[in-house]
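sharing a sequence plus its predicted fold:
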Amino acid sequence: MHILVRDKRTGVEEWIPLEQAAALMGLPADEIEWALEEYGECESTNHIALQPE
C-alpha cells in the first residue's frame, strides 16, 4: 500500500510505501493504518500521512 505523506515544514507531498512512511514518521505501520482508517490521516512531528492508495 502507498500513502500520501506531506512534509509539514515544506508542504511537499509524495506517495510512498507504508513501510517507508512508518520509518520516516517514526511510527509503527499498523498504527498509521489504523489512524488512516479511523481519522483519514496520521500526524507525527514533521509529517502527515493521508489517503491510502
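Done, it's in.

show the contacting residues for residue 35.
Residues in contact with residue 35 (CB atoms under 8 Å, 6 or more residues apart in numbering) are 41, 42, 49. The way it works is simple: take the backbone N, C-alpha and C, and place the C-beta from them, glycine included.

can you pick the most crowded of the residues you listed?
residue 49 (25 neighbours; other CB atoms under 10 Å).

helix or strand for that one, which one?
Element membership for residue 49 (DSSP states H and E) is strand 47-52.

can I get the CA coordinates of the longest helix that the chain contains in PDB?
Of all the segments assigned as helix in the chain under DSSP state H, the longest by residue count is helix 29-39. Presented in PDB, the C-alpha positions along helix 29-39 are these (Å, rounded to 0.1, in the frame of the first residue of the first chain):
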ATOM      1  CA  ALA A  29       3.000   0.800  10.200                       C
ATOM      2  CA  ASP A  30      -0.100  -0.700  11.900                       C
ATOM      3  CA  GLU A  31      -0.600   2.500  13.900                       C
ATOM      4  CA  ILE A  32      -0.500   4.500  10.700                       C
ATOM      5  CA  GLU A  33      -3.000   2.200   9.000                       C
ATOM      6  CA  TRP A  34      -5.400   2.400  12.000                       C
ATOM      7  CA  ALA A  35      -5.300   6.200  12.100                       C
ATOM      8  CA  LEU A  36      -5.900   6.400   8.400                       C
ATOM      9  CA  GLU A  37      -8.900   4.200   8.700                       C
ATOM     10  CA  GLU A  38     -10.300   5.900  11.800                       C
ATOM     11  CA  TYR A  39      -9.500   9.600  11.100                       C
END
